[in-house]
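In: Model the structure of this input:
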Amino acid sequence: MKTFAFFVILLTFAYQRAAAQAWKEYSFKDAGFAAQYQGQPKVEERSYASVFANPIIEHVYSQNTGGVDYVVAIADFGSAKPDENKAIDEAATALIARGKLTHDEHARVDYHYGREIRVEAPDGTSYTDAIFLIDNKLFQIEVVYPSQNSDPAGSSGIHFFQQAFRLLY
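Out: Residues are numbered from 1 along each chain as shown. Modelled structure (predicted):
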């Protein structure tokens with residue numbers, strides 16, 4: 001029985017490692033970051049609602065694999081200078097409105113502090129979001145993980161994606 005359990009653990013680790021190896025780094029020098037995605041991310045713009053400034057353009061770098069969305073969204077506050085904690089809290093509040101808060105911790109990317117939030121929506125979709133205000137830009141590193149998906153990375157892709165993000169400053 002121990003041999004079988006060890007084999008299952010080994011097989012699971014090998015599968016996750018193989019899935020992680022399929023990720024490739026894409027660099028966006030103008031946006032100031034690089035991240036690993038499982039395929040070429042789509043780049044688009046959308047408006048970002050904030051009490052600190054309007055209009056705000058958010059640049060979104062996303063890729064969908066097996067129904068799971070891997071997203072880096074950057075809202076540029078321009079000449080507005082929002083308080084770091086208040087800007088992060090505003091983004092967190094918008095995310096928490098989607099469902100039940102299950103995780104809220106301090107987070108860090110390089111020397112920048114922020115928050116990591118996980119919310120479970122009523123339909124079982126989980127939203128995991130690391131939020132940082134860096135150089136007057138709000139970075140959100142988000143994974144939208146529906147309860148029904150076929151992503152080969154599984155839930156380990158959430159942590160891999162967030163750990164594979166890096167600033168280019």
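
In: Flag the shaky bits of this protein, pLDDT-wise.
Out: Applying pLDDT under 70 to the chain flags residues 1-21.

In: 50 instead?
Out: Applying pLDDT under 50 to the chain flags the ranges 4-18, 20.

In: quick one: the strands in it?
Out: All strands of the chain, identified by DSSP state E, fall at 24-28, 33-37, 42-48, 56-65, 68-76, 100-109, 112-120, 126-134, 137-145, 166-167.

In: Of those, which is nearest D83?
Out: Comparing those against D83 with CB to CB, the closest turns out to be strand 126-134 (8.7 Å). (Each C-beta comes from the backbone N, C-alpha and C, glycine too.)

In: what pairs with the closest one, and is each one parallel or antiparallel?
Out: strand 112-120 (antiparallel), strand 137-145 (antiparallel) (DSSP bridges).

In: can you put these in CSV and add distance to H103 and mean neighbour count?
Out: Shown next, in CSV, are those (distance: least, CB to CB, whole Å; neighbours: other CB atoms under 10 Å):
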stretch, distance to H103, mean neighbour count
strand 112-120, 4, 19
strand 137-145, 12, 23
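
In: out of the strands of the chain, which comes closest to F160?
Out: strand 33-37 (7.5 Å).

In: How far off centre is that closest one?
Out: Relative to its chain's centre, strand 33-37 lies at 11 Å (CA atoms, centre = their mean, to the nearest Å).

In: tell me what it is packed against?
Out: Here strand 33-37 touches strand 24-28, strand 68-76, helix 156-163, strand 166-167, going by 3 or more CB pairs under 8 Å, 6 or more residues apart in numbering; DSSP states H and E.

In: ok so, going back, same list (the strands paired with strand 126-134) but as JSON lines, adding distance to E84.
Out: Listed next are these as JSON lines, based on distance: least, CB to CB, whole Å:
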{"stretch": "strand 112-120", "distance to E84": "8"}
{"stretch": "strand 137-145", "distance to E84": "10"}
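
In: Am I right that E90 is in contact with V51?
Out: Yes - assessed by CB atoms under 8 Å, E90 is found in contact with V51 at 6.8 Å.
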